[in-house]
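[1] need coordinates for the following:
(chains A, B, C and D, ligands or ions: 4)
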Amino acid sequence: MNAREHGLQLLREMLRIRRFEEKAAECYSLGKVRGFLHLYIGEEAVAVGTMQALAAEDAIVSTYREHGHALARGVPMNALMAELYGKASGCSRGHGGSMHFFDVGRRFYGGYAIVGSGLPIAVGLALADQLQKRPGIAACFFGDGAVAEGEFHESLNLAALWNLPVLFVCENNLYAMGTALLRHQANPDIHRKAEAYGISGLAVDGMDVLAVEETMREAAAAVRRGNGPCLVEARTYRFRAHSMADPELYRSKAEVERWKQRDPLGVLAARLREGGLLADADLAALDREVAAEVEAAVAFAEAAPWEAVADLTRDVYGPGAGG
Amino acid sequence: MNAREHGLQLLREMLRIRRFEEKAAECYSLGKVRGFLHLYIGEEAVAVGTMQALAAEDAIVSTYREHGHALARGVPMNALMAELYGKASGCSRGHGGSMHFFDVGRRFYGGYAIVGSGLPIAVGLALADQLQKRPGIAACFFGDGAVAEGEFHESLNLAALWNLPVLFVCENNLYAMGTALLRHQANPDIHRKAEAYGISGLAVDGMDVLAVEETMREAAAAVRRGNGPCLVEARTYRFRAHSMADPELYRSKAEVERWKQRDPLGVLAARLREGGLLADADLAALDREVAAEVEAAVAFAEAAPWEAVADLTRDVYGPGAGG
Amino acid sequence: MRTTYREAVRAALRQALAADPRVFLMGEDVGRYGGAFAVSHGLLEEFGPERVRDTPLSESAFVGAGIGAALGGMRPIVEIMTVNFSLLALDQIVNNAAALRHMSGGQLSVPLVVRMATGAGRQLGAQHAHSLEGWYAHVPGIKVAAPATLADARGMLAAALRDPDPVFLFEHAVLYPSEGELDEPCGPVDLARAAVRRPGRDVTIVTYGGSLPKALAAAERLAAEGVDAEVLDLRVLRPLDTTGLLASVTRTRRAVVVDEAWRTGSFAGEVSAQIMEGAFYDLDAPVARVCSAEVPMPYAKHLEDAALPQVDGIVAAVRGVMPSRG
Amino acid sequence: MRTTYREAVRAALRQALAADPRVFLMGEDVGRYGGAFAVSHGLLEEFGPERVRDTPLSESAFVGAGIGAALGGMRPIVEIMTVNFSLLALDQIVNNAAALRHMSGGQLSVPLVVRMATGAGRQLGAQHAHSLEGWYAHVPGIKVAAPATLADARGMLAAALRDPDPVFLFEHAVLYPSEGELDEPCGPVDLARAAVRRPGRDVTIVTYGGSLPKALAAAERLAAEGVDAEVLDLRVLRPLDTTGLLASVTRTRRAVVVDEAWRTGSFAGEVSAQIMEGAFYDLDAPVARVCSAEVPMPYAKHLEDAALPQVDGIVAAVRGVMPSRG
Ligand SMILES: Cc1ncc(C[n+]2csc(CCOP(=O)(O)OP(=O)(O)O)c2C)c(N)n1
Ligand SMILES: Cc1ncc(C[n+]2csc(CCOP(=O)(O)OP(=O)(O)O)c2C)c(N)n1
Ligand SMILES: [Mg+2]
Ligand SMILES: [Mg+2]
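    Ligands and ions are numbered 1, 2, ... in the order given. Below is the predicted model:
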């Protein structure tokens, strides 16, 4: 795939996330989507850039802010929108909602809503690959806030100690809910914490999808080569509130506006334009294409069936569960 | 106090720990002391050297291997031996045993038997001092194994973030039970982990009580000055088994013998002799003195009363507990 | 005065902070964010960052630090955003907060208050819907209370701060917006007795916390059918007011226990067992339980509704223990 | 063949490791140390460090890694040295291990086995004496079993490894040295039914795990008094064999539940509640409980003995539910 095709591909993926979430927020205000809804808008370059470095055999573990990771991984938008609607056609049969997308076929091992609790899972998935001599690596996304949890420390030490193929991706968006990085990290230089575990740590501009892709390819390759885990800090920013309930008292509109100047979609579009790889017509076409996909997803979700209440406790235990 | 007096004082404190524990082990084989008994023998220089840097207003938090810390802090040997016997005259009324010595009057906040769980307690004690503008600092002892626990990470970050007066003392005796340092720490350079929290970390020869004292005075002074917490790694070794149940399959006799060449009591005695500060007569006198104290402690413990069974649930809740 | 459960808790916090310099509030986002449920909104501005402290995401460390600060003479109020995250701090709670006084032979005291939101009903899925009050009530050395009314939301905090031992207050998230009348002045309430929220002759509906409104609604429905149900709010799960519980049940001779926890191993089971032990010969029917279905809480509304205790289910359970009429 | 509970567990581990390459054992000191209770002694030498893995002190991470490895196709056996330390891993257990299958709409399966030593009686003090089986039994999505006999110590592990869901095995530390006869060959046992360990007509003593020997001793003492007690070993706490429980109690019409946990909120309460719900009209006396005193476990032997269920207390409780004679 040439540079233009690749560039358009990255732009398309980021746009799919952007439009999907704008629609999700709209559906939320209409009461069709409920519970917690954490938007990824502004951070799209991290998910899309990282996925370029991952293969089908790799496993992915994410957080409650995982719409972008699921979409970039190729989980069908229909299944995701239906999940937000709580329908049985959702990627988790409506059991999970926004915070718990799963697609085992694509090795998307899900959204975890307890901060930090996905890290040990990723370590275990990597251990399974190592023990079965499989080529896969485990990519684990988490936020800057998760770095303060004990599980961050325990997981990095364990993965490093056992030389496990884990790509730890910290999405540093400068806030843990309303708590700024400097008020939750004594040493805010997150990627440098890799040294405490004797592994390599990298930092990358999380608003530049090409930079993210390059860094992640490098990091993933090293992990694949058996160099053990790697910690990558992607510096990004959340354009929207933490969740739909957040009054955003903790940051200024000006700060948000400053970051919007570096909108990852805008940054890439400009870069492609400079290179003469993007024309207005391309953008318009992308917009139409993605808008259509989103509309189709909403139609699918609206039409999808509900799980029968009679099946409430099905899937609590597995088939033929002994005893 | 001149160099000779000070040297003899340090030697006496270490000898008191050594003889107390030898006697405790003897009582254990006689069935008079039960439960878990973790001996500190070989590590005496760390407790004794550190206590030189602490004042009455400072708080101390320790582990289940805390005989040495309690003795060096000045908790009466009688109360400790009675506690090992499970008597009501014990420092914890026989409720705690070897792993749970307490003496609130001396701000000895106890032995904690869940590895790593003392660290947050020390952070809180330091926070109380800071908020009440008291001069005290909190000294927190823990082992190399505790460094792998999430609470180590969370506690150091919190103490550093809030600039709390905590002296974190890691007694690195190279083993977590039967697991060697290199098999539980991806990066075994423990004091360097301080960097991840933006605080200072120091390492010291834990078999040399004078070196420990010097380093701890330096560290404690910095903490007192308000420079925030400090992490000191004392490199030491456990001469005895992890506990009375440990068959010691994980290390060689030769390794233990090598370390015994650096017995902290021998190291100090030799140093004092070189300086002409210690005569055989002094040693003999010390031995007699300490032997007498230990014998008295045993006599006290033997004669001490048992807590009445009728009082079993007293002290579960405080006096005038509301409700 | 007209107010809400949320404002009642905030008023109690403000009063506690104003009354005692040893009191401080710490937890995730209690400060600049204003509290995940806006309970502490405005307190940072009023009392400053020393006394209203935002913590990192480190539940074990900041709960343990609360224990240490209490040992050090402070009166910390630790907010764990929700009970779901308290699992990460259970070691500090069970092995330190609850044990230190006795384990030290009575030397130590841990005057700590821990507040947390609890319960389901907001479509948050399996990891954000726990009701673990019953687990906490199992642990000697701590006290466990569940304010279900505005008066308790306001008064239990002051009572907890007076207590020499760790007190855990469970605030059901669904109650925060609930409105009602509350009159000044506000002092502490007792942390000892269950309260009859609706007197009745025919049957006792025993409940606590977020299930109280459902129990009262069920009682109203039953009244229309001529069943006069008493509604007993346990208020404090540990120490449990067994006397008050047995007094009501021996009077009505029938009981239904409503508890949002999963049925097996729920606190409702403990209540049933205590009735068995203390009022067996006074019972005209076996005690029934209305609890949550044994399933990780699903996100979809119709499934979550089906999993949780509802008014219909309570009414049906009460009918089940009443003598069947012609 | 003459063997011990410890050796029975070891035999099961060896057999499992030999039979299935997906099986591996991980935990603190399971390897070079030989296991804190010498259960895994020799397995490192036999199966190597890849399959018998010493972990750092990181309960949350290695239990979570066990969950992840199970998701990845392995059959991990995670040893948590004792239940006391499992508090540090409860988030992984409750929010991940138990929830992932349902939360993912049935896509994920977590075939994980977690073993841990439990219980008191060895003078280890308040932080090393917990009996939290009842807490685990509260959680849907996992299974909870407590081998009390040599046959179960050996057979439950194989059964647990066949199960598609997380199974938690609680081995009472006091049982490890217990001796008995066990005959080859050893296959899996069921993880479904309670077992009558001693048939009797007059009363059912319901128990599990470490309390079984005490219950049997009490039954012998009672036999001498002419009271023929049946001893029912629950074996599996989740899913509970309610049918087997009710079958025994409806036959004997009297029951005493023995459980080493603190009384309030104990699993014994759940058992009592289920008897209330399923056999109320068949009872001749209220169900009694013999549990631990509500105190952090003290170190001193006489105090620990007084705090724990003992044969005398069980005998007295049974007498209490029998009709008073002469
Ligand atoms: C253990 C735990 N504590 C608290 C919460 C509540 N909570 C949800 S998200 C969040 C902030 C997490 O920040 P970060 O890790 O930076 O991720 P971000 O939301 O910025 O993507 C908090 C405190 C939680 N879900 N889990
Ligand atoms: C959380 C927890 N896990 C496991 C144990 C069992 N255990 C007791 S001591 C110990 C080793 C601790 O090693 P270290 O911290 O180096 O201290 P040391 O014994 O060497 O002084 C272990 C695994 C425990 N007490 N707590
Ligand atoms: Mg963030
Ligand atoms: Mg050590």
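[2] what is the helix or strand hosting C:Ala16 packed up against?
    Using DSSP states H and E, C:Ala16 sits in helix C:5-19. Packing partners of helix C:5-19 (3 or more C-beta pairs under 8 Å, 6 or more residues apart in numbering or on different chains; DSSP states H and E): strand C:23-27, helix C:43-47, strand C:75-82, helix C:150-162. Every residue, glycine included, has its C-beta placed from N, CA and C.
[3] quick one: average pLDDT of it?
    Computed over helix C:5-19, the mean pLDDT rounds to 98.
[4] my read is that C:Leu283 contacts C:Thr252, right?
    No. Applying C-beta atoms under 8 Å as the test, C:Leu283 and C:Thr252 come out as separate, 9.8 Å apart.
[5] OK, contacts around the residue of the stretch 101-250 of chain C found nearest chain A?
    Scanning the stretch 101-250 of chain C for proximity to chain A using C-beta to the nearest C-beta identifies C:Gln123 as nearest, at 3.7 Å. Contact analysis of C:Gln123 by C-beta atoms under 8 Å, 6 or more residues apart in numbering or on different chains lists A:34-35, A:86, A:97, C:299-301, C:304.
[6] helices along the stretch 201-323 of chain A, start to end?
    Per DSSP state H, counting those that start in this stretch, the stretch 201-323 of chain A carries helices over the ranges A:209-224, A:253-260, A:264-274, A:280-303.
[7] check the stretch 201-326 of chain C too.
    So, for the stretch 201-326 of chain C - with DSSP H, counting those that start in this stretch - the helices run C:212-224, C:242-252, C:267-279, C:301-307, C:311-321.
[8] winner for burial among those helices?
    With neighbours taken as mean count of other C-beta atoms under 10 Å in any protein chain shown, those reach their highest mean count in helix C:267-279, at a mean of 26.
[9] quick one: that helix near chain D?
    Yes. Helix C:267-279 lies within reach of chain D by C-beta under 8 Å from any C-beta of the partner chain, at C:267-270, C:272-277.
[10] just the angle between that helix and helix D:267-279, please?
    70 degrees (axes from the mean of the first three to the mean of the last three C-alpha atoms, to 10 degrees).
[11] quick one: contacts of helix C:267-279?
    C:133-134, C:137, C:206, C:208, C:234, C:237, C:240, C:242, C:245-246, C:249-250, C:255, C:257-259, C:261, C:263, C:283, C:287, C:289-291, D:264-266, D:268-270, D:272-277, D:286-289.
[12] how near is A:Glu248 to B:Arg4?
    To B:Arg4, A:Glu248 is 67 Å away according to C-beta to C-beta, to the nearest Å.
[13] ok, now A:Met51?
    The value you get for A:Met51 to B:Arg4, if C-beta to C-beta is used, is 71 Å.
[14] ok so C:Thr3 is a strand residue?
    Yes. Counting by DSSP: H, G, I helix; E, B strand; the rest coil, one finds C:Thr3 located in a strand.
[15] if we can go back for a sec, which among the residues of helix C:267-279 next to chain D gets closest to ligand 3?
    Ligand 3 lies nearest to C:Phe267 out of the residues of helix C:267-279 next to chain D, by C-beta to the ion, at 36.1 Å.
[16] tell me the pLDDT at the residue nearest to that closest one when sequence neighbours are not counted?
    Nearest residue to C:Phe267, sequence neighbours excluded (C-beta to C-beta, 6 or more residues apart in numbering or on different chains): C:Gly134, at 3.3 Å. Predicted confidence (pLDDT) for C:Gly134: 98.
[17] what's the helix or strand containing C:Gly134 in contact with?
    Using DSSP H and E, C:Gly134 sits in helix C:133-136. With contacts defined as C-beta under 8 Å, 6+ apart, helix C:133-136 is touched by C:83, C:93, C:118, C:142, C:144, C:146, C:168, C:170, C:208-209, C:237-238, C:259, C:261, C:265-268, C:270, D:135, D:138, D:265.
[18] indicate the residue of chain C located nearest to ligand 4.
    Closest point on chain C to ligand 4, by C-beta to the ion, is C:Asp91, at 19.6 Å.
[19] just checking, that residue touches B:Gly118?
    No. In this structure, C:Asp91 is not within contact of B:Gly118 by C-beta under 8 Å, at 11.5 Å.
[20] using CSV, write out every CA atom in stretch A:86-104.
    Only the C-alpha atoms of stretch A:86-104 are listed here, as CSV (Å, rounded to 0.1, in the frame of the first residue of the first chain):
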residue,chain,number,x,y,z
GLY,A,86,-27.7,-3.0,25.1
LYS,A,87,-29.0,-5.3,22.4
ALA,A,88,-28.3,-9.1,22.1
SER,A,89,-26.6,-8.4,18.8
GLY,A,90,-24.0,-6.4,20.6
CYS,A,91,-20.4,-7.5,20.8
SER,A,92,-21.1,-8.6,24.4
ARG,A,93,-24.8,-9.4,23.9
GLY,A,94,-25.7,-6.2,25.8
HIS,A,95,-24.2,-7.6,29.0
GLY,A,96,-21.2,-5.2,28.9
GLY,A,97,-22.1,-1.8,27.5
SER,A,98,-19.7,0.9,26.6
MET,A,99,-17.1,-0.2,29.2
HIS,A,100,-17.0,-3.9,28.2
PHE,A,101,-16.5,-4.5,24.5
PHE,A,102,-15.3,-8.0,23.7
ASP,A,103,-14.5,-9.9,20.5
VAL,A,104,-12.6,-13.1,21.2
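[21] quickly check: that stretch near ligand 1 or not.
    No. Counting by C-beta under 6 Å from any ligand atom, ligand 1 has no neighbours in stretch A:86-104; the shortest distance is 8.8 Å.
[22] buried ones in that stretch, by neighbour count?
    Judged by neighbour count using 16 or more other C-beta atoms under 10 Å in any protein chain shown, the buried positions of stretch A:86-104 are A:86-104.
[23] near chain B, which residues of the stretch 151-300 of chain C? Just list them.
    C:159-160, C:162-165, C:188, C:190-192, C:236, C:239.
[24] as TSV, these with pLDDT and neighbour count would be great.
    Shown next, in TSV, are those (pLDDT from 0 to 100; neighbours: other C-beta atoms under 10 Å in any protein chain shown):
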residue	pLDDT	neighbour count
C:Ala159	97	24
C:Ala160	98	27
C:Arg162	97	17
C:Asp163	98	21
C:Pro164	98	16
C:Asp165	98	23
C:Pro188	86	17
C:Asp190	96	15
C:Leu191	97	24
C:Ala192	96	18
C:Val236	98	27
C:Pro239	98	17
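[25] turn those into a markdown table, including distance to chain A.
    What follows is those, written out as a markdown table (distance: C-beta to the nearest C-beta, whole Å):
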| residue | distance to chain A |
| --- | --- |
| C:Ala159 | 30 |
| C:Ala160 | 26 |
| C:Arg162 | 31 |
| C:Asp163 | 29 |
| C:Pro164 | 30 |
| C:Asp165 | 26 |
| C:Pro188 | 31 |
| C:Asp190 | 34 |
| C:Leu191 | 30 |
| C:Ala192 | 35 |
| C:Val236 | 29 |
| C:Pro239 | 31 |
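[26] hmm, back to that, just send the residues of helix C:267-279 next to chain D back as JSON lines, with distance to A:Gly68 too.
    What follows is those, written out as JSON lines (distance: C-beta to C-beta, whole Å):
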{"residue": "C:Phe267", "distance to A:Gly68": "41"}
{"residue": "C:Ala268", "distance to A:Gly68": "42"}
{"residue": "C:Gly269", "distance to A:Gly68": "44"}
{"residue": "C:Glu270", "distance to A:Gly68": "45"}
{"residue": "C:Ser272", "distance to A:Gly68": "48"}
{"residue": "C:Ala273", "distance to A:Gly68": "49"}
{"residue": "C:Gln274", "distance to A:Gly68": "51"}
{"residue": "C:Ile275", "distance to A:Gly68": "52"}
{"residue": "C:Met276", "distance to A:Gly68": "54"}
{"residue": "C:Glu277", "distance to A:Gly68": "55"}
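[27] sweet, I'm off.
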